[in-house]
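Undergrad: let's see this in three dimensions:
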Amino acid sequence: GLVILAGAGFRVSTARGPSSKAHESIADNCDACHLPFKGLPNEKCLGCHKELRQFHASGPLTGDFNAFRVPHLHRDAAASRSVTIPAAFEAATTVAQRIESAFDTSPEPRVPCHNDMLNANFLVDGTRVWLLDWEYAGNNDRYFDLGNLSVNNGLDAGAREELLRAYFGSVTARRSARLE
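TA: I've put the predicted structure just below:
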């Protein structure tokens, strides 16, 4: 009885709500990734996404994606349809401009990027991870994909460091700063 209760409690403690499409195949098998009383080991999450570096190195795509301009295009499209733009948009724009300026002082080469690294865009079939929804794919700063991956998976500081190590082979202050 205790093992069953501990197992049920474990499932409840690791469940953060409904599983994303990417994690449906393991939704009832929490211990496929989570360790009882220890959480999610970084390598479990990072192991699924190691192919990202290979895609970034695959050669240029035909189009570009400017992460700093796309929100404005969406805002303009919404405004043209009489949608009220939230006041927070301007505050977010101010933050984005600071980030863009910082990135411009030490630019990275543009590489093929997915640009939409939401959890729902990963499909795990038990042997492979499939990346779906390529609508926003285009050449961009690789840190946009890495940052998307980090934020959308709630990676803590240690996991972000492991992500950089898995991707680049080492962690530097510059890489950490760009990911943050």
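Undergrad: for the rest of this, base every contact and every neighbour count on C-alpha atoms.
TA: Noted.
Undergrad: assign residue 117 to helix, strand or coil.
TA: When classified by DSSP: H, G, I helix; E, B strand; the rest coil, residue 117 comes out as coil.
Undergrad: so who does it touch?
TA: 145, 148, 149, 152 (C-alpha atoms under 8 Å, 6 or more residues apart in numbering).
Undergrad: so which of those residues are in strands?
TA: Among the contacts of residue 117, no member falls in strands (criterion: DSSP state E).
Undergrad: buried only: go through these for me.
TA: Neighbour counting over the contacts of residue 117 (16 or more other C-alpha atoms under 10 Å) leaves 145, 148, 149 as the buried ones.
Undergrad: ok, residue 54 - contacts?
TA: No contacts exist for residue 54 under C-alpha under 8 Å, 6+ apart.
Undergrad: go on, the one 5 residues further on?
TA: Neighbouring residues of residue 59 by C-alpha under 8 Å, 6+ apart: 111, 112.
Undergrad: just want the most central residue of the protein.
TA: Nearest residue to the geometric centre of the chain (C-alpha atoms, centre = their mean): residue 149, 1.5 Å.
Undergrad: phi, psi for the residue lying closest to it once chain neighbours are set aside please.
TA: Distance criterion C-alpha to C-alpha, 6 or more residues apart in numbering; nearest residue to residue 149, sequence neighbours excluded, is residue 117 at 5.5 Å. Dihedral angles of residue 117 (phi, psi; degrees, to the nearest 10) stand at phi -80, psi 50.
Undergrad: what's the answer for residue 110, then?
TA: phi -80, psi 140.
Undergrad: same question for the closest residue to residue 112 other than its chain neighbours, what's its three-state structure.
TA: The shortest distance from residue 112 to any non-neighbouring residue, by C-alpha to C-alpha, 6+ apart, is to residue 139 (4.4 Å). Classification of residue 139 using three-state DSSP returns strand.
Undergrad: let me see the contact set for residue 139.
TA: Residues in contact with residue 139 (C-alpha under 8 Å, 6+ apart) are 60, 61, 62, 63, 64, 65, 110, 111, 112, 113.
Undergrad: what of residue 144?
TA: By C-alpha under 8 Å, 6+ apart, the contact list for residue 144 reads 67, 115.
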